[in-house]
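1. Build me a model from this:
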Amino acid sequence: MRKLYLFNMMTLDGLFEGPTKWDLSWHIVDAEFNQFAIEQLDSTGVILFGRVTYEGMASYWSSENAIKDDPIVAGKMNSIPKIVFSKTLARAEWHNTKLVKENAGKEIDNLKRQGGKDIAIFGSASLASGLIKEGLIDEFRIILNPVVLGKGRPLFGNIETKTNLRLERMKSFKSGNVLLYYTLAG
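-> Just a heads-up that it's a prediction; the model follows:
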């Protein structure tokens, strides 16, 4: 059975986006992070997105700038199969993307039962919140970025019940980022 992991970068005050939409100016992305991203993508068979994250990722990773500035990650992001969960999108035009309008939990449960590489959720806080509530996320990979923004959108803003997690391992980056790997605590 495949593992579903959530990957996101978060500030010390729990935000994944700054005060304005797509404000990621605080992200520390350097050569060490890029190498980690490549290795993580190599172990990923499907990427899941909610509509908002899908639109931003599709716009960026298929752009000439992304392909020129980061050809390896762009190549992987453009080629890995993707699923966008949205009731409002008419179609998904990013290469190798499937649109699912209903039953996200059922679709993901079916994906997890198939063989293959891990399944990832990148960003997509609203989608992730729903999947946390359904108990479908097997691992949380959170990069804690050494910054406090004070204003922005919280990563777990839609979670209303306590979810206990267990720290499995961590990785420190020279930049000060710390990657925390959590699983659900039994």
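2. buried stuff in the least confident helix or strand in the chain by mean pLDDT?
-> The helix or strand of the chain with the lowest confidence, counting by mean pLDDT, DSSP states H and E, is helix 125-133 at a mean of 89. By neighbour count, and taking 16 or more other C-beta atoms under 10 Å as the criterion, the buried residues in helix 125-133 are 125, 127-132. Backbone N, C-alpha and C define where each C-beta goes, glycine included.
3. now do stretch 9-20
-> Of the residues in stretch 9-20, 9-11, 14-18 count as buried by neighbour count, 16+ other C-beta under 10 Å.
4. Among those residues, name the ones in helices.
-> Secondary structure of these is defined by DSSP state H; no position falls in helices.
5. Show me which pair in those residues is furthest apart.
-> Farthest pair in the buried residues of stretch 9-20 (C-beta to C-beta) is Gly14 and Gly18. Separation: 12.7 Å.
6. got any residues that touch both of these two?
-> The overlap between the contact sets of Gly14 and Gly18 (C-beta atoms under 8 Å, 6 or more residues apart in numbering) is empty.
7. coming back round to it: of the buried residues of helix 125-133, closest to Asn158?
-> Within these, distances to Asn158 taken as C-beta to C-beta reach their minimum at Ser129, with 3.6 Å.
8. show me where this structure has strands.
-> Taking DSSP state E as the test, the strands found in the chain are 4-11, 15-17, 44-50, 82-85, 97-100, 118-122, 139-145, 153-154, 165-172, 178-184.
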